[in-house]
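Novice: What follows is a predicted protein model with its sequence.
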Amino acid sequence: MPITPFHFGPGALFKCAAPGHLSWTVFALANMLIDLEPITLFFVTGDPTHPWLHTPPGAIDYATNGIGGTHHLAWERLQRAAGITLNHIPFKSAAPALQEVLAGRVSMMLIGVSTAFPHIKDGRLVSLATGGLARSPFLPNLPTLAESGFPGFEVVAWMAVMAPKGMPAALLEKISRDINKVTLSKAYHDSLAQRGSESRTSTPQELAERIHREYESTRTLIKSLGIKGG
């Protein structure tokens, strides 16, 4: 039986137009629940005093990987939490969005720390805040959005291992334990650290609960924004 890795979500906030595709976010989460069995989570990658939180509505642009995508939804949550309105510039993927931010044609974007790290080191990106509940070990002096005025606010990318629906629970648990032995190892931790990512572990039940939680919150947000699939 094949085992499937799955990636979900953005990771950190950085500063430095073509419309994008409609979202697959809720579709992907729903199909994870319908078609797959969760095994384990294996890795993951703001401030009211910042000037961008005190500007006229629509005065600052932000780039995303498309309308209704994970980046767009994270920005919508942040704008609601901060009581601000920014100007959305959607792209077909994160790669062209990042290039526009690096070129200075768009002000900000949300992007995984592992992707942004080389550009932070060479000074092409300026980091404003991270989206995890705890500070990133790779950017220890950078505050999180949660500690900068938005308690409980979290936006992280995560990857998980999924199995075909109907796999026996005992086998799911065994595979999860075996994978977690690797993800807890120093070699794996050091390998991820070189790319700006952190290792995480979970039980199948913990992963299932996370998927359900994110599915429900994402579905509610998309419905409130009036976004429909194409």
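Specialist: That came in fine, so what should we check first?

Novice: Tell me if I am right that residue 63 is in a strand.
Specialist: Yes. Assigned with DSSP: H, G, I helix; E, B strand; the rest coil, residue 63 falls within a strand.

Novice: close enough to count as contact, it and residue 103?
Specialist: No. Residue 63 lies out of contact with residue 103 (C-beta atoms under 8 Å); the separation is 10.7 Å. Just so you know, the C-beta spots here come from the backbone N, C-alpha and C atoms, and that holds for glycine as well.

Novice: When the two are compared, which one has more neighbours?
Specialist: Comparing residue 63 with residue 103 by other C-beta atoms under 10 Å, the one with more neighbours is residue 63, at 28 against 10.

Novice: ok, what's across the strand from that one?
Specialist: Per DSSP bridges, the residues bridged to residue 63 are residue 89, residue 109.

Novice: Return the distance of it relative to residue 69.
Specialist: 11 Å (C-beta to C-beta, to the nearest Å).

Novice: joint contacts of these two?
Specialist: Listed contacts common to residue 63 and residue 69 are residue 90; contacts here mean C-beta atoms under 8 Å, 6 or more residues apart in numbering.

Novice: can you map out the strands along this protein?
Specialist: 4-8, 12-15, 36-44, 61-64, 87-90, 108-111, 126-130, 158-164, 198-199 (DSSP state E).

Novice: low-confidence ranges in the protein?
Specialist: Residue ranges of the chain with pLDDT under 70: 1-55, 196, 229-230.
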